[in-house]
Each structure stands twice: as C-alpha cells, then as structure tokens.
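> Predicted model, plus sequence, below.
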Amino acid sequence: MTISAGIQKEAQKNAQDLLAFIDASPSPWHAVATCVTRLEASGFEALEEAAAWQLAPGGRYFVARQGSIVAFTIGKKNLTETGFNMVGAHTDSPGLRLKPNAAFSSDGLIRIGVEVYGGPILASFADRDLSLAGYVNVKTPQGFETQYIQFEHPVVRLPNLAIHMNREVNDKGLKFNKQTELPLLFGEGKEGVDADAQFIGHLADKLKVKPADIINFELDVFDTQKGVIWGAHQEFIANSQLDNLASCHAALTAICSSNNPQTTSICALFDHEIGRASC
C-alpha cells in the first residue's frame, strides 16, 4: 500500500508534537504544567476545586492538582441521550526518584540516593546525561509555596564500569545493586561541608532562595537527550517517558481538537498509574 506524501507529512508533524510534549515534561508535575499551557491555548477555563462551578453547554474546563489534571468539555446534548466519553492515562513514568535525604559522601564524591519508581530498565540509565526535575516546597512569610525546578544541563550520572572490571557484562547483562551501585554521582565534595547541605545549596541557588527556606522536595531523574525522529525514511521515533506520556499526549490532543461537542468528554490524567485503575 502506498502512503501519500500528505499523510507522511501529517504523521511527522504529529510525531514531532509528541516529542515536544515529552521534552517539555521531565516530571509528572511538569507534564501537568505542559497540559495546562496547551489547554489554555485551546480555550479551556481553569476551575478551582473549592469553588462553586458554573458550567455551560459547550464549555471547556480543567482542574489541575500537582501531577494530576482533569479536563472536560460539556456536550450540547443531554447526558441521558448521549452518555459521555472518558479517557484516562498517567503522567508519571517508570524511572528513578530521589530519596528524601538523598545526598551522601563517598570517596570524596557526593552521591545521590534514588529509589526505583515503577518498573524501569535500570541499565538504560547507565552512561546517560541525566538531570533532575520536580518540585520544591519553599518557606514564605505566608507559609510555603511550591516551586517547579528543572536542571536543563546534566547534573548526575550512573557510570558504567570499564569492560576489564566487569568481564561478564555481555553474557550476564548489566546489573546494579540498588543500594550500593545505583546512587548517582553528583559532584566533588567540599571538605568540611555536609553532602546534604551542598545538594540543598545547589537547589537553593537554582531557585534563588535561601537553603534554610527549603522544606522538602520531590525530584525525578530524567534523560536530557531530546526526542528524535529517526530511520532511513524518518519512520521511527525515540524518546524517554513514552510510557505513559504518549497516552497523555493522545488524550490531550483529542480533547483539545474537540470543537462544538455534542457529547460530554472527560480526559483524566493522574500522577500514579494506580489512580487510573481506581477511577
């Protein structure tokens, strides 16, 4: 079957939009921020959870909370006639997430303790240009505020051993001890300065706040390499977090392109895959 040039061009456009969506969403919280930007550009109105909602037929609305977001359009026909359409996905992806007290010193270096989140392929994180993204809760005179944070350049790494130090890697596979080998390298330690204080200071410098004002954080590890279209005929795509941001992108694109809806439609994107199952 011959695929027309028009279809190929449209497919590449959609693929590039997916890659851009993923690249802008290195954490579940950033994914929601990306969704909000796209929804507002499509005429959706933000709703406050605690407010009394005034909804109108044909209206386009969304509610966002940290890493989760629900967008919906009110159909012009009665629910009893049409029912409603609903699609769900999750904004989080299998990967590595920092532990609460993440930084520690080892052999003059600062290492960052991580936990395995979901079911990632750990070997795929080795020798990659990794960085950190998520949110930080910061003290304010009124209490606290949540600030999103992302280091665009690589700041951590999971180094692989040279072959003469792991002769069996090609036969038995690349494996990491989660407690002793999975912690990431962050930088050289300063003599006499606690590793955690150095790490918190790095976060504070990025946010332009005082280290003492940082209450806590939740940070994901992400690959800084951008998504690409590749192949002899540009027929493939590659990116991290395709599970499950590809589903989020498809659901969001569908509801944003729904003009003059007759049926009520709901797009629910949750920060935990289990949330989708229990919806």
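Okay, I see it.
> what are the ranges of the strands in the stretch 51-200 of the chain?
60-65, 68-73, 84-90, 95-106, 109-117, 130-140, 143-150, 184-188 (DSSP state E, counting those that start in this stretch).
> Look up the closest residue to Leu245, ignoring the ones flanking it.
Once its chain neighbours are removed from consideration, Leu245 has its nearest residue in Ile22; the separation is 4.9 Å (C-beta to C-beta, 6 or more residues apart in numbering). The way it works is simple: take the backbone N, C-alpha and C, and place the C-beta from them, glycine included.
> Look at the one you found and say how many residues are nearby.
A total of 24 residues lie near Ile22 under the criterion other C-beta atoms under 10 Å.
> Next, give phi and psi for it.
When read as degrees, to the nearest 10, the backbone of Ile22 gives phi -70, psi -40.
> Can you give me the neighbour number for Asn260?
Neighbouring residues of Asn260 were enumerated by other C-beta under 10 Å; the total is 8.
> for Thr140, that is, sorry about that
10.
> can you pull the contacts of the nearest residue to it once chain neighbours are set aside?
Computed as C-beta to C-beta, 6+ apart, the closest residue to Thr140 that is not its neighbour in sequence is Asp213, at 8.0 Å. When contacts are counted by C-beta atoms under 8 Å, 6 or more residues apart in numbering, Asp213 is found next to 138-140, 204.
> Swap in 10 Å and give it another go.
Shown here is Asp213, whose contacts under the criterion C-beta atoms under 10 Å, 6 or more residues apart in numbering are 136-140, 144, 204, 207.
> any chance of those in TSV, with pLDDT too?
As requested, these are arranged in TSV below (pLDDT from 0 to 100):
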residue	pLDDT
Val136	97
Asn137	97
Val138	97
Lys139	97
Thr140	95
Phe144	95
Ala204	97
Leu207	97
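> who wins for most neighbours among these?
Within the contacts of Asp213, most neighbours by other C-beta under 10 Å means Val136, with 23 neighbours.
> Quick check: which element contains the spatially closest residue to it that is not a sequence neighbour?
Taking C-beta to C-beta, 6+ apart, and ignoring the residues beside it in sequence, Val136 has Phe217 as its nearest neighbour in space, at 4.4 Å. Using DSSP states H and E, the secondary-structure element containing Phe217 is strand 214-223.
> Just the angle for that strand relative to strand 109-117, thanks.
Angle between the axes of strand 214-223 and strand 109-117 is 80 degrees (criterion: axes from the mean of the first three to the mean of the last three C-alpha atoms, to 10 degrees).
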